[in-house]
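Visitor: below: sequence and its predicted model.
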Amino acid sequence: MGHHHDHGDGHGHHHHGKGASKKALLVSFIIISLFLIVEVIGGFLTNSLALLSDAGHMLSDASALLLSLIAIHFAARPPTAKRSFGLHRFEILAALINGVTLVVISLIIFWEAYQRFFDPPQVASGKMIIIATIGLLANIAAAFVLMRGDFKDNVNVRSAFLHVLGDLLGSVGAIVGGILMWSFDWYIADPLISVIVAVLILLSAWRVTKDSVNILLESTPSQIDLTLVESKLSQLAGVTKVHDLHIWTVTSGFDSLTCHLIVEDHLPSYPLLNEALELLRHDFGITHATIQIENSSVQHGDLHCQVGADPHSHEAEHHCQEKKRSE
């Protein structure tokens, strides 16, 4: 039988955000970015930290939308001999930088709010309410545009929608704070609201940073149970063992898998290969899979050692010898 090194035909390769989705992301990015500028200027003019904090949250929204547009642009570029996966990881690197930047912004807001708690400055609450209301309308418009895009099937559009939804809540908070200050001269509401918005920014930043680091470390995607994948592949008729199973994310929406299937000697490999590829596609949504079919004639030797083990250690040598005897 020898070695069969086969790939699934449905290479998804992260082809997302075409047509309506790209337009929806672009229009939303323009809406959010324009009002981001207005809110920054308004925050300084009214002396409102809550408005500046909401502007920081809008920056996270604009960054998320920009990352989605960047992903669309670079995903369209063909792979090269030097970069066989293309430039899909550019989105992840940008997301990591975005997440770290948002953490810094939230810490600055926390520090400024801490200073204002002891001596809350006066805020032009009337103007603040007007600007925050316009921000709320801008977020509603952006959310509406995104919902009209490929909302159900596009992970980037859904992610951007959730960012905008969070910022919408920040605008509501700024309006509530403005009303409290305008009605009762309760200026401590401004740093209080800004802290709440900073927490929202920090939560978004943590999720983006954690997901980016996990992808760069080639961790198993959170939505996929590797043990379950191994179990289902093992249950295919004729499969005696599954080994060297690896699942990782190239970029968001593009999961990849490699594994070796040891099968009974008399079985033809291609029908089983097609069955395995269909299982991965149907049950786990994995369309980029490399599966090596093997029988008892295949001897890995040292190549069968666990990844990360010291190949010269006694434990690694013993492990390889045990594997060879079992095959």
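Guide: That came through, no problem.
Visitor: C-alpha from now on. contacts and neighbour counts both.
Guide: Noted.
Visitor: okay, buried residues for stretch 73-93 please.
Guide: Going by neighbour count (16 or more other Cα atoms under 10 Å), the buried part of stretch 73-93 is 75, 86-93.
Visitor: would you turn those into CSV with secondary structure?
Guide: What follows is those, written out as CSV (DSSP: H, G, I helix; E, B strand; the rest coil):
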residue, secondary structure
Ala75, helix
Gly86, coil
Leu87, coil
His88, coil
Arg89, helix
Phe90, helix
Glu91, helix
Ile92, helix
Leu93, helix
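Visitor: lowest-confidence entry in the residues you listed?
Guide: By pLDDT, Ala75 ranks lowest within those, coming in at 71.
Visitor: state the distance from it to Leu69.
Guide: Distance, Ala75 to Leu69, using Cα to Cα, to the nearest Å: 10 Å.
Visitor: so which helix or strand takes in the nearest residue to Phe44 once chain neighbours are set aside?
Guide: Excluding the flanking residues, the one nearest Phe44 by Cα to Cα, 6 or more residues apart in numbering is Leu52, at 7.6 Å. Leu52 belongs to helix 49-75 when assigned by DSSP states H and E.
Visitor: what about the stretch 151-300 of the chain, any weak spots by pLDDT?
Guide: For the stretch 151-300 of the chain, the stretches flagged by pLDDT under 70 are 151-156, 159, 300.
Visitor: which residue ranges of it form helices?
Guide: Along the stretch 151-300 of the chain, counting by DSSP state H, counting those that start in this stretch, helices occupy 155-184, 189-216, 226-234, 269-284.
Visitor: list the buried residues for the shortest one?
Guide: Judged by neighbour count using 16+ other Cα under 10 Å, the buried positions of helix 226-234 are 229-230, 233-234.
Visitor: and the second one, by the same measure?
Guide: Buried positions in helix 189-216, judged by neighbour count with 16+ other Cα under 10 Å: 189-206, 208-209, 211-212, 214-216.
Visitor: and that helix, what does it pack against?
Guide: Judged by 3 or more Cα pairs under 8 Å, 6 or more residues apart in numbering; DSSP states H and E, helix 189-216 is in contact with helix 49-75, helix 89-118, helix 155-184, strand 239-251.
Visitor: can you list the ones you listed in CSV and add distance to Tyr270?
Guide: Output for the helices and strands packed on helix 189-216, formatted as CSV (distance: least, Cα to Cα, whole Å):
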stretch, distance to Tyr270
helix 49-75, 31
helix 89-118, 32
helix 155-184, 33
strand 239-251, 13
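Visitor: closest one to Ile262 among those?
Guide: strand 239-251 (5.1 Å; Cα to Cα).
Visitor: pull up the pairing partners for the closest one, direction included.
Guide: Its sheet considered, strand 239-251 pairs with strand 254-263 (antiparallel) by DSSP bridges.
Visitor: contacts for the partner strand?
Guide: 12-14, 221, 238-250, 286-296 (Cα atoms under 8 Å, 6 or more residues apart in numbering).
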